[in-house]
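Chemist: sequence and predicted structure, then a few things I'm wondering about:
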Amino acid sequence: MQIIEGGVTAAKGFEAAAVAAGIKYQDRTDMALIYSEKPCKVAGTFTTNLVKAAPVKWDRAIVESGLKSQAVVVNSGIANACTGEEGMNYCAETAKEAAKALGVNEKSVLVGSTGVIGMQLPMDRVKAGIRELALSKKAGTEAGTQAALAIMTTDTRKKEAAVTVEIGDTIITIGGMAKGSGMIHPNMCTMLAFITTDAKISRKALQAALSEDVQDTYNMISVDGDTSTNDTVLLLANGAAGNEKITYGTWEYEAFKQALHYVNETLAKKMAGDGEGATALFEAKIINADTKEQAKALAKSIVCSNLTKAAIAGHDANWGRILCAMGYSGAKFDPEKVDLYFESVAGKIQLIENGVALTYSEEKATEILSQAEVTVTADIKEGDIEATAWGCDLTHEYININADYRS
């Protein structure tokens, strides 16, 4: 596997575009298009929130139907959530306009929205934006980057990733873009991710690879404990690489899944590290656990703890908050066996051994916790299983952003 530059246009046969449609923002691009020259097999995973936005319902119906898709139209600023029948009609209108502008079947058009809940989309601007997107779409890294910028809301930076992997004698490419900064919590997190590949792969294998990998990537991040109405991950495969078809359960499938995992994990970490108001990516590793479920529960509990997140923001090595978060996770473990470490580019330090505090340098601990990426590792000494979760620190800026998000 080789990490390469790019995002949704890295794979063969994919194009992208971005426009400033003025849907809510007046100072940035706010609509993006992903287009494939060939119809794509598509897989998807969606929010577990009972309140689901219209685009989630629209996309899930297409994914479950087995129909091929050729385009994705995404807007930022307005989520098209809690908008009733009118919101669903707007999805249909978006697909119809895109189909007309692109010369594709309207049932092959997927949609995505992110932003304020409860507002109706200004369809005149949306339709004008679609027509402009269709005219300006193109291949290449820059087009993909512009699309990644257009889907941001409170994000402070674009989120892209791409890799190549050799399967048989053919080079396969997987690339993607995502947005997510707030309203993010395990069980899909307001996040959107769009992954493209030129691999020829069965629909069963495509969906299985995504569904399985989401459990260890997007479902292992948290910013604020809020699960969104719009969470969507779509994976499109157009087969342009010309490889022998990848099927479920083969070594080729495992190779594809490993490459997909890199893209998904990279995008997930970028979302966690760009949490609203955040200054640091906070990673929690549980090692030597007895089961995967136990390790995941403990890791998630740590990154979801507001007290721990606040301590990371203050560069305070308050390890008691971490052990406390592990204790209420619902997972069983022996606190008197736990070893705990903090680590970053500034070094590594052990804080407790067998549940008891060690003597350590507070100055060194502060230095370690002052970096842009901080890891806490908890060794619970019960087996050989591990799991990792990602979050961010909690600062005053999170309140500032969300106190006037609609304005």
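Modeler: Great, that's in hand. Residues are numbered from 1 along each chain as shown.
Chemist: for the most centrally placed residue in the chain, what are its contacts?
Modeler: Nearest to the mean C-alpha position of the chain, by Cα atoms, centre = their mean, lies Ala268 at 4.2 Å. Residues in contact with Ala268 (Cβ atoms under 8 Å, 6 or more residues apart in numbering) are Ala178, Thr217, Tyr218, Met220, Ile221, Trp390. No exception for glycine: its C-beta is placed from N, CA and C like everyone else's.
Chemist: what does the average pLDDT come to for the helix or strand containing it?
Modeler: Remark: Ala268 resides in helix 251-273, with elements defined by DSSP states H and E. In this model, helix 251-273 has a mean pLDDT of 94.
Chemist: any idea which helix or strand comes after it?
Modeler: Tracing the chain C-terminally past helix 251-273 and defining elements by DSSP H and E, one meets strand 281-289 next.
Chemist: how close does the nearest residue in space to Val356 that is not next to it in sequence get to Ile352?
Modeler: Here the nearest residue to Val356 in space, its sequence neighbours aside, is Glu336; by Cβ to Cβ, 6 or more residues apart in numbering that works out to 8.0 Å. Counting by Cβ to Cβ, to the nearest Å, the separation of Glu336 from Ile352 is 10 Å.
Chemist: for Ala237, same thing?
Modeler: 47 Å.
Chemist: in the stretch 101-250 of the chain, which ranges drop under the pLDDT threshold?
Modeler: In the predicted model of the stretch 101-250 of the chain, residues 181-190, 223-229 satisfy pLDDT under 70.
Chemist: all helices of it, in order?
Modeler: For the stretch 101-250 of the chain, the helices defined by DSSP state H, counting those that start in this stretch cover 123-136, 141-150, 203-214.
Chemist: who has more neighbours, Glu336 and Ile352?
Modeler: Residue environment comparison for Glu336 versus Ile352 gives the larger neighbour count to Ile352, 19 against 8, counting by other Cβ atoms under 10 Å.
Chemist: and the residue nearest to Val356, which of the three is it?
Modeler: Here Glu336 is helix, with the state taken from DSSP: H, G, I helix; E, B strand; the rest coil.
Chemist: distance of it from Gly355?
Modeler: Shown here: Glu336 relative to Gly355, a distance of 4 Å by Cβ to Cβ.
Chemist: repeat that for Ala208.
Modeler: For Ala208, the distance to Gly355 equals 40 Å [Cβ to Cβ].
Chemist: tell me where the stretch 1-150 of the chain has strands.
Modeler: 2-3, 14-19, 31-46, 69-78, 109-116 (DSSP state E, counting those that start in this stretch).
Chemist: show me what the longest one pairs with in its sheet, parallel or antiparallel.
Modeler: Pointing back at strand 31-46 there. Each strand paired with strand 31-46, and its direction, by DSSP bridges: strand 14-19 (antiparallel), strand 69-78 (antiparallel), strand 232-237 (antiparallel).
Chemist: so which of the ones you listed comes closest to Asp274?
Modeler: Evaluated over these, closeness to Asp274 peaks at strand 69-78, with 14.6 Å, by Cβ to Cβ.
Chemist: gap between the closest one and the chain center?
Modeler: Its chain's average C-alpha position is 16 Å from that of strand 69-78, according to Cα atoms, centre = their mean, to the nearest Å.
Chemist: over to the residue lying farthest from the centre of the chain. Which of the three states is it?
Modeler: Computed with Cα atoms, centre = their mean, the residue of the chain farthest from its C-alpha average is Thr359, at 38.7 Å. Applying three-state DSSP to Thr359 yields a three-state assignment of coil.
Chemist: that one and Ile352, how far apart?
Modeler: Applying Cβ to Cβ, the value for Thr359 to Ile352 is 11 Å.
Chemist: give me the angle between the helix holding Ala268 and helix 203-214.
Modeler: Angle between the axes of helix 251-273 and helix 203-214 is 40 degrees (criterion: axes from the mean of the first three to the mean of the last three Cα atoms, to 10 degrees).
Chemist: give me every residue that touches Ala54.
Modeler: Counting by Cβ under 8 Å, 6+ apart, the residues that Ala54 touches are Asn80, Ala81, Thr83, Gly87, Met88, Tyr90, Cys91, Ser113.
Chemist: follow-up on the earlier one: among the helices of the stretch 101-250 of the chain, show me which one is buried the most.
Modeler: When those are scored by mean count of other Cβ atoms under 10 Å, the highest mean neighbour count falls to helix 141-150 (a mean of 23).
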